[in-house]
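Undergrad: Sequence first, predicted coordinates after that:
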Amino acid sequence: MRRAGRLAGGALLAIALLAAGGHALLWLWLCGQLEMGFNAWAAVRRAEGWRVEHETPARGGWPLSAALTVPEFRLQGGAGLLPGGVDWRPDTLVLRVSPPRFDRLAVEAPGRHRLRLGGAALPFTAGQLSLALPIEGDAAPREAAAAAQRLRFDTPAGGVEVRAASLDFGTRGGGRNEPATTLRVSAADLALPADLPGTARLGRAVERIGLDLLLTRPVPPGRDPARRAAAWRDDGGALEVQALNTRWGEAAASATATLTLDGALQPTGTGTLRLGGGEALLDAAGDTGLLSPFAAAAARIALRTLNRAPPGGGPAQAELPLVLRDRSLRLSGISVARLPALEWGAPAPE
């Protein structure tokens, strides 16, 4: 019996050692694959004209995952995608693969971010920030999902805090009758700066913001943003705002719209705004000077005329037509905003 017990104990120990060794080899292999994949991605981006900088990556994550920490990471370029390009420098960048989903990559970047989109600086910090996307060989990911908690954006008016936010991106390629790109963004529990126009009447807390977008055609390749935008428009490209909804204090709004580009490559289109609590919104606009007394009075009369109770009951809502043309946004025939011109930059060689 003692001999059998010793044999069984030895066998179990051998199995445990083999399992630990196999796990260690798997971890080493996964870390190597992460490093190889990251280096290949960086090489492709550099060949496309991007600036990719970083210090020596460090492996980690044992024993629950395989991780690669990339210190001093910087990604800069993309003038062909966005006028002015992108410049992103996070404090922390970690690539991670965890069982049992070895076919999905998690990109984690908590902490401070120095971000510039075009000519606009958008620095922010995140308590948690992660991006999950499938590993599909050399092909670009067809979908991605991002989640964040405890975001804080530094703006000229002050800090904007967001308790939770998410973003889902997907592409369905190929057919002319299929959507090229879908994007869904949501944010909950926003705290606005105290001095922001409108907060004195509507409060600092925004309960939610949601946005669903659909890009009906893929954007053609190329290095010149203006040529790409014109080709996308000429192929029948449009941006459909399938849902835009928000609640801020007493005001609740939802909207749908279809937008494209005009001959000057400026946004143009039509839509519909459904507005509840419009009186409070008009009061806030009047208090801050966004609307003149005459425009506020005219809007208030129109709002009272258009207010209707929803079929299912609840507070009255007004349904107002939206028109964007020649950079002028008109709401129910009243000009409410003048949009800045989209600058496409100097033509780039193809």
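TA: Structure received.

Undergrad: In terms of helices and strands, where is the spatially most central residue of the chain?
TA: With distances taken as Cα atoms, centre = their mean, the residue of the chain nearest its centroid is residue 167 (5.2 Å). Using DSSP states H and E, residue 167 falls within strand 158-171.

Undergrad: contacting residues around that strand?
TA: With contact meaning Cβ atoms under 8 Å, 6 or more residues apart in numbering, strand 158-171 is reached by 142-153, 180-196, 218. For glycine as for every other residue, the C-beta is placed from the backbone atoms N, C-alpha and C.

Undergrad: Also stretch 182-192?
TA: 160-172, 199, 204-215.

Undergrad: What of stretch 320-334?
TA: Residues outside stretch 320-334 that contact it (Cβ under 8 Å, 6+ apart) are 255, 257, 259, 262, 266-275, 295, 298-299, 302, 306, 335-341.

Undergrad: do the same with stretch 122-133
TA: With contact meaning Cβ under 8 Å, 6+ apart, stretch 122-133 is reached by 104-116, 141, 143-154.

Undergrad: give me that answer again for 6 Å
TA: 104-110, 112-115, 141, 144-154 (Cβ atoms under 6 Å, 6 or more residues apart in numbering).

Undergrad: Show me how far stretch 32-47 is from its chain's centre.
TA: Here the centre of stretch 32-47 is set off from its chain's centre by 24 Å, with Cα atoms, centre = their mean, to the nearest Å.

Undergrad: meant to ask about stretch 263-274
TA: Here stretch 263-274 is found 21 Å from its chain centre; the criterion is Cα atoms, centre = their mean.

Undergrad: What residues of that stretch count as buried?
TA: By neighbour count on 16 or more other Cβ atoms under 10 Å, the buried set for stretch 263-274 is 267, 268, 269, 271, 273, 274.

Undergrad: Show the contacting residues for the spatially closest residue to the fourth one that is not a sequence neighbour.
TA: Spatial nearest neighbour of residue 271, chain neighbours left out: residue 257 (2.6 Å); criterion: Cβ to Cβ, 6 or more residues apart in numbering. For residue 257, the contacting residues are 241, 269, 271, taking Cβ under 6 Å, 6+ apart as the criterion.

Undergrad: Please indicate which of the contacts of strand 158-171 are buried?
TA: Buried members of the contacts of strand 158-171, scored by 16+ other Cβ under 10 Å, are 144, 146, 148, 151, 153, 180-182, 184-185, 187, 190-192, 218.
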